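*Asks:* Okay, sequence plus prediction incoming.
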Amino acid sequence: MKVFNLRCSLDHRFEGWFSSEDDYVGQTERGILICPICGNQSIERLPSAPRLQVSKGRQSQRESAAQAAGSTASAAAASQQGENPLLQRELTMQSMWLQAVRHVMAHTDDVGDRFPEEARRIHYGEVDDRPIRGRASKDEAEALREEGIEVMSLPLPDALKGPLQ
């Protein structure tokens with residue numbers, strides 16, 4: 001199993017798991033490798049450092065130095081030394097966004113293209129109140145807002161519209 005660090009042309013970073021280097025190349029050439037954040041198909045493989053097994057002696061020295069400093073936070077900072085904090089923050093935000101999207105998808109009914117009609121039926125008490133999601137044009141969403149029906153756009157890449165993994 002190969003795990004590659006990938007980036008789309010909009011600078012969203014993610015991991016890809018492939019059975020081999022050829023599998024990665026094949027998926028890229030067929031255009032089925034897409035960004036899970038934005039659906040972009042322009043993906044590049046990032047260089048990655050090999051994982052090194054550090055001897056227990058060196059690891060113990062590092063741990064005792066961190067304990068001498070009196071903080072496990074300094075040990076965490078030492079283990080992440082050299083990582084870009086802005087990149088880490090962006091990756092954390094992407095992860096949080098994906099978790100929020102998964103939560104919305106798991107706790108709402110997908111009414112598809114019937115979203116404007118179903119939202120109106122719920123708003124006017126014709127059917128039981130329940131959380132829904134679906135598709136509406138900008139004009140349809142604006143018309144719903146003018147009627148006092150609160151709607152929110154949540155752009156989803158095609159990869160998230162199917163089964164979530």
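*Replies:* Arrived safely, thanks for sending. Residues are numbered from 1 along each chain as shown.
*Asks:* Once you drop chain neighbours, what's closest to R7?
*Replies:* Excluding the flanking residues, the one nearest R7 by C-beta to C-beta, 6 or more residues apart in numbering is R13, at 5.0 Å. Any C-beta I mention is one placed from the backbone N, CA and C, and that applies to glycine too.
*Asks:* Contact partners for that neighbour?
*Replies:* Neighbouring residues of R13 by C-beta atoms under 8 Å, 6 or more residues apart in numbering: 5-7, 46, 87, 90-91, 94.
*Asks:* how about 10 Å then?
*Replies:* Contacts for R13 were tallied using C-beta atoms under 10 Å, 6 or more residues apart in numbering; they are 5-7, 35, 37, 46, 87, 90-91, 94.
*Asks:* Point out where the protein drops to low pLDDT.
*Replies:* Within the chain, the stretches with pLDDT under 70 are 49-83, 157-165.
*Asks:* Dump the C-alpha coordinates for the longest helix anywhere in it into PDB.
*Replies:* In the chain, taking DSSP state H as the definition, the longest helix is helix 85-106. Provided in PDB are the C-alpha atoms of helix 85-106 (Å, rounded to 0.1, in the frame of the first residue of the first chain):
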ATOM      1  CA  PRO A  85       1.900  26.000  11.500                       C
ATOM      2  CA  LEU A  86      -0.200  27.700   8.800                       C
ATOM      3  CA  LEU A  87      -0.300  24.500   6.800                       C
ATOM      4  CA  GLN A  88      -1.300  22.600  10.000                       C
ATOM      5  CA  ARG A  89      -4.100  25.100  10.700                       C
ATOM      6  CA  GLU A  90      -5.400  24.800   7.100                       C
ATOM      7  CA  LEU A  91      -5.400  21.000   7.300                       C
ATOM      8  CA  THR A  92      -7.200  21.200  10.600                       C
ATOM      9  CA  MET A  93      -9.800  23.500   9.000                       C
ATOM     10  CA  GLN A  94     -10.300  21.200   6.100                       C
ATOM     11  CA  SER A  95     -10.800  18.300   8.400                       C
ATOM     12  CA  MET A  96     -13.300  20.200  10.500                       C
ATOM     13  CA  TRP A  97     -15.200  21.200   7.300                       C
ATOM     14  CA  LEU A  98     -15.400  17.600   6.100                       C
ATOM     15  CA  GLN A  99     -16.600  16.500   9.500                       C
ATOM     16  CA  ALA A 100     -19.300  19.200   9.400                       C
ATOM     17  CA  VAL A 101     -20.400  18.200   5.900                       C
ATOM     18  CA  ARG A 102     -20.600  14.500   7.000                       C
ATOM     19  CA  HIS A 103     -22.700  15.500  10.000                       C
ATOM     20  CA  VAL A 104     -25.100  17.500   7.800                       C
ATOM     21  CA  MET A 105     -25.400  14.700   5.300                       C
ATOM     22  CA  ALA A 106     -25.900  12.100   8.000                       C
END
